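A.B. asks: sequence and computational prediction follow.
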Amino acid sequence: MSAQFEAPRQLLDKQTYLSEEWFAREKRDLFDRSWVFACLESDVPETGDYITLTHMNHPLMILRDEAGELKAFHNICRHRGCEVLEGHGNTGIAMVCPYHRWTYKLDGELRGVPNEEECFGEVDRSNLGLHPASVGAYKGMVFVNPSADPAEDFTTWIANMDDHAWPHDLSSLKYEGEVVYEMLCNWKVFYENAIDGYHLGYLHDQTLGKVYPSKNIWEPVGRNVVWYSTERDGQKSSNTLLTEQMTSGWGAGMVPGAEQANFPGVVMMFPLTILSPSPWGFYISILEPVSPGVTNMRSLSFGLEGSKGRYVEAAKKDDNNIVRLADLEHHPLESGNFQIEDMWIVEKIQRNLTSPHFKVGPLAAGDGAEGPITHFQASVLDHVSQN
């Protein structure tokens with residue numbers, strides 16, 4: 001058993017799942033200085049290509065500069081704070097704020113100020129460039145960090161991930177859409193559920209199979225962790241019941257040989273990104289903490305061209321592709337969807353956190369059980385100040 005997962009125990013007080021004050025500390029100490037998925041490299045292939053996004057309260061932009069390098073900045077004009085770029089596209093060789101047309105080079109440096117002499121005399125450009133953020137790319141995925149000086153640089157954060165195989169080059173997959181799960185729980189309650197190997201064979205026996213703790217392997221990769229199942233002949237693999245369904249014809253179009261590949265089924269990228277490779281596609285999910293008791297999860301789906309059998313979300317969505325338990329027509333356990341089953345559980349836990357009788361009991365030991373929970377909580381405490 002990995003040393004990191006020995007003697008699992010609860011490290012976080014229940015108020016860290018309820019407190020507005022603690023949530024504010026998480027935003028300041030963790031989310032403002034941590035890595036999160038932003039886009040694919042193929043979204044910004046050419047000089048001047050850009051994409052904008054919002055991470056927590058940070059409007060950000062990622063672009064390709066004249067040297068072909070990825071750059072990330074806060075999407076805030078240094079004059080009056082207007083968003084400089086909008087949506088995605090190509091900005092040419094410069095970025096122009098639409099408000100007063102202050103102009104920035106692709107390296108973020110302030111280049112031009114209209115009517116500078118008559119309005120300002122002279123503007124000191126040396127400290128008025130766009131605020132930098134940090135950016136890194138891995139296997140076609142682009143990650144951004146709001147901090148120009150992250151607590152952990154990208155190389156440290158992604159270290160040793162190459163020890164784990166992947167089934168696809170993401171550039172070979174087509175984007176299939178996005179679903180947003182609106183969960184009435186603290187983000188940590190969902191994260192801990194996602195890395196709990198003890199519950200899989202019980203809660204998800206009809207959707208993921210009878211994957212009991214002895215069939216699970218969680219492996220630490222720095223602060224990140226990856227999950228394998230050993231249900232098929234004792235070999236590490238990505239999935240269980242889903243593999244049986246694919247080989248019976250449901251997953252026609254999967255990458256050749258993938259049914260025998262030993263790649264992870266879940267990769268938890270601390271603190272907010274979840275990767276789910278499969279033989280027929282790829283899911284990238286981003287947790288978006290809204291408040292101590294509300295978390296959205298955006299799940300992006302990518303599939304093989306011509307695939308007939310990607311996993312179809314068996315959930316009712318509104319016109320904006322948002323899934324809420326309150327909108328379901330049947331009980332969550334009748335959904336046939338493990339995400340819905342997880343939503344049901346984490347919301348039940350969150351409601352009980354306010355009870356004076358709530359207390360976490362002993363955690364199940366072992367790499368395939370609840371050991372990763374302590375690993376995760378220790379990483380939270382490494383970042384978040386106690387005062």
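C.D. replies: Yep, that arrived. Everything quoted here is computed from the prediction, not taken from an experiment.

A.B. asks: contact partners for the closest residue to residue 267 other than its chain neighbours?
C.D. replies: Excluding the flanking residues, the one nearest residue 267 by Cβ to Cβ, 6 or more residues apart in numbering is residue 275, at 4.0 Å. Every C-beta, even on glycine, is put in place using the N, C-alpha and C of the backbone. Applying Cβ atoms under 8 Å, 6 or more residues apart in numbering to residue 275 gives the contacts 266, 267, 269, 282, 283, 284, 285.

A.B. asks: which of the helices or strands spans residue 275?
C.D. replies: Using DSSP states H and E, residue 275 maps to strand 273-278.

A.B. asks: next one: residue 60
C.D. replies: Element membership for residue 60 (DSSP H and E) is strand 58-64.

A.B. asks: same for that strand, what does it pack against?
C.D. replies: Counting contacts by 3 or more Cβ pairs under 8 Å, 6 or more residues apart in numbering; DSSP states H and E, strand 58-64 packs against strand 36-40, strand 49-55, strand 70-74, strand 141-145.

A.B. asks: partners of that strand in the sheet?
C.D. replies: strand 49-55 (antiparallel), strand 70-74 (antiparallel) (DSSP bridges).

A.B. asks: who touches that strand?
C.D. replies: 32, 38-39, 44-54, 70-76, 83-85, 91, 95, 106, 133, 135, 142, 144, 146.

A.B. asks: then stretch 146-164?
C.D. replies: Contacting residues not belonging to stretch 146-164 are listed as 31-35, 55-56, 58, 60, 74, 131-136, 138, 143, 145, 219, 221-224, 226, 263-264, 267, 383 [Cβ under 8 Å, 6+ apart].

A.B. asks: ok, 6 Å please
C.D. replies: 32-33, 35, 58, 132-134, 136, 138, 221-222, 226, 264 (Cβ atoms under 6 Å, 6 or more residues apart in numbering).

A.B. asks: how about it as CSV, C-alpha atoms only?
C.D. replies: What follows is stretch 146-164, C-alpha atoms only, in CSV (Å, rounded to 0.1, in the frame of the first residue of the first chain):
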residue,chain,number,x,y,z
PRO,A,146,-4.7,32.9,-12.3
SER,A,147,-1.4,33.5,-10.5
ALA,A,148,1.7,34.7,-12.3
ASP,A,149,3.7,32.9,-9.6
PRO,A,150,1.8,29.8,-8.7
ALA,A,151,2.3,27.9,-5.5
GLU,A,152,3.4,25.0,-7.7
ASP,A,153,4.6,25.6,-11.3
PHE,A,154,3.1,23.5,-14.1
THR,A,155,6.0,21.1,-14.3
THR,A,156,5.7,20.2,-10.6
TRP,A,157,1.9,19.9,-10.7
ILE,A,158,1.9,17.6,-13.8
ALA,A,159,5.0,15.6,-12.8
ASN,A,160,5.0,11.9,-13.4
MET,A,161,1.7,11.9,-15.2
ASP,A,162,3.5,10.3,-18.1
ASP,A,163,3.7,7.1,-16.0
HIS,A,164,0.1,6.6,-16.9
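
A.B. asks: quick one: buried residues of it?
C.D. replies: By 16 or more other Cβ atoms under 10 Å, the buried positions in stretch 146-164 come out as 146, 150, 151, 152, 154, 157, 158, 161, 164.
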